[in-house]
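**Student:** let's see this in three dimensions:
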Amino acid sequence: MRIVVIYQEQHDYTRTVTDFLHDFEHQTGHELETIDPDTADGVLFCGTYGIVDYPTIIAVSDDGTMQNTWNGLPLPTISEVSYYVQ
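**Tutor:** Numbering: from 1, shown residues only. Sure thing, here's the model as predicted:
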C-alpha cells in the first residue's frame, strides 16, 4: 500500500500538513510519501488519479488501484489514514 500526501509548499495550509506528517510518523512509526503537484512527477500522479484539490491524501494499493482519498481541510485523523499502512 502506498499513501501519498499531495500538497503545495508556501500555502496557508502547509503548516497543517507538515504538522500532520510529523504527528503521523511520531504516532505510527511510518513516514508518508509526499508529492508536490507542481513538479513533472506530481502532474503525472495527479492526472492519473484526477487530483485537483490540495492538500489531498490518497491510499493506493500495490497494483495502483485507489483505495481511499481525502481532499482539502480538515485533514483526516491519523487513525483513518493509518488503517491503510501495512
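**Student:** most remote residue from the middle of the protein, which is it?
**Tutor:** Going by Cα atoms, centre = their mean, the residue of the chain most distant from its centre is residue 63, 17.7 Å out.
**Student:** please name the bridge partners of residue 3.
**Tutor:** residue 59 (DSSP bridges).
**Student:** so the residue farthest from the centre of the chain, which state does it fall into?
**Tutor:** Here residue 63 is recorded as coil under DSSP: H, G, I helix; E, B strand; the rest coil.
**Student:** show the pLDDT at it.
**Tutor:** Note on residue 63: pLDDT of 97.
**Student:** what about it, distance to residue 1?
**Tutor:** 10 Å (Cβ to Cβ, to the nearest Å). Just so you know, the C-beta spots here come from the backbone N, C-alpha and C atoms, and that holds for glycine as well.
**Student:** all strands for this protein, in order.
**Tutor:** 2-6, 33-35, 56-60, 66-71 (DSSP state E).
**Student:** return the distance of the first one from the chain's centre.
**Tutor:** Put simply, strand 2-6 sits 3 Å off its chain's centre (Cα atoms, centre = their mean, to the nearest Å).
**Student:** that one: which residues count as buried?
**Tutor:** 3-6 (16 or more other Cβ atoms under 10 Å).
**Student:** how about these in CSV, adding pLDDT and distance to residue 13?
**Tutor:** Listed next are the buried residues of strand 2-6 as CSV, based on pLDDT from 0 to 100; distance: Cβ to Cβ, whole Å:
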residue, pLDDT, distance to residue 13
3, 98, 18
4, 98, 16
5, 98, 11
6, 98, 12
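**Student:** okay if I get those residues as CSV plus distance to residue 74?
**Tutor:** Converted to CSV, these look like this (distance: Cβ to Cβ, whole Å):
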residue, distance to residue 74
3, 17
4, 18
5, 14
6, 16
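**Student:** which one of those residues is nearest residue 78?
**Tutor:** Nearest to residue 78 among the buried residues of strand 2-6 is residue 3, at 11.4 Å by Cβ to Cβ.
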